[in-house]
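J.: what shape does this take:
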Amino acid sequence: MLDPTQIEDQTPYPVDELIPDDPVMFGSPDMQDYRLFSQRMKEIFSELKKMSGTRSVPLMITGKTGSGKEVVARFMHHEVDRNQGDFIAVNCTNINQEMFESELFGYKKGAFTGASPSGHEGYLSQAGEGTLFL
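T.: This is a model prediction of the structure:
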């Protein structure tokens with residue numbers, strides 16, 4: 001759980017905007033470890049909640065490192081879309097350029113030197129009808 005007293009000055013919002021006495025808690029069991037302390041983030045998530053059941057197109061979330069993009073994506077997956085599929089988060093900076101296509105789409109055993117002996121189900125396939133967060 002996020003401890004607002006341990007947040008450094010590189011947060012997107014000033015620390016004095018944090019409201020530790022009034023954290024927002026999420027309804028989905030998959031989101032129980034998340035809390036919102038910033039008034040601005042509460043406003044953003046309130047707006048996102050209004051999209052419940054209306055979104056049927058891909059969503060692009062942008063922001064600086066540590067700004068909460070994955071939390072927003074998880075919220076959209078679990079709380080807004082009520083998606084029953086898997087949520088697959090992939091840190092693309094950990095995948096080298098030569099392997100990106102193989103990781104995304106998968107490969108069969110022995111497809112190339114150094115390939116996993118059991119092959120690899122691609123992240124697109126793993127996400128299935130769920131959410132793939134890149």
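
J.: going by C-alpha atoms from here, please, whenever you check contacts or count neighbours.
T.: Noted.

J.: quick one: contacts for the most centrally placed residue in the chain?
T.: Compute the mean C-alpha point of the chain, and by C-alpha atoms, centre = their mean the closest residue is Glu70, 2.7 Å away. The contact partners of Glu70, by C-alpha atoms under 8 Å, 6 or more residues apart in numbering, come to Ala89, Phe133.

J.: from Glu129, how far off is it?
T.: Using C-alpha to C-alpha, to the nearest Å, Glu70 is found at 18 Å from Glu129.

J.: again, but for Arg35
T.: Distance from Arg35 to Glu129, counting by C-alpha to C-alpha: 27 Å.

J.: of the two, which one has the most company?
T.: Comparing Arg35 with Glu129 by other C-alpha atoms under 10 Å, the one with more neighbours is Arg35, at 18 against 13.

J.: bridging residues for the more buried one?
T.: Met25 (DSSP bridges).

J.: check the burial of Ala127 by counting its neighbours.
T.: With other C-alpha under 10 Å as criterion, Ala127 counts 16.

J.: off-centre distance for the helix or strand hosting the residue nearest to the centre of the chain?
T.: Secondary-structure assignment from DSSP states H and E places Glu70 in helix 69-75. On the basis of C-alpha atoms, centre = their mean, to the nearest Å, helix 69-75 sits 4 Å off its chain's mean C-alpha point.

J.: partners of the helix or strand following it in the sheet?
T.: Counting by DSSP H and E, the next helix or strand C-terminal to helix 69-75 is strand 87-89. Taking DSSP bridges as the criterion, strand 87-89 forms sheet pairs with strand 131-133 (parallel).
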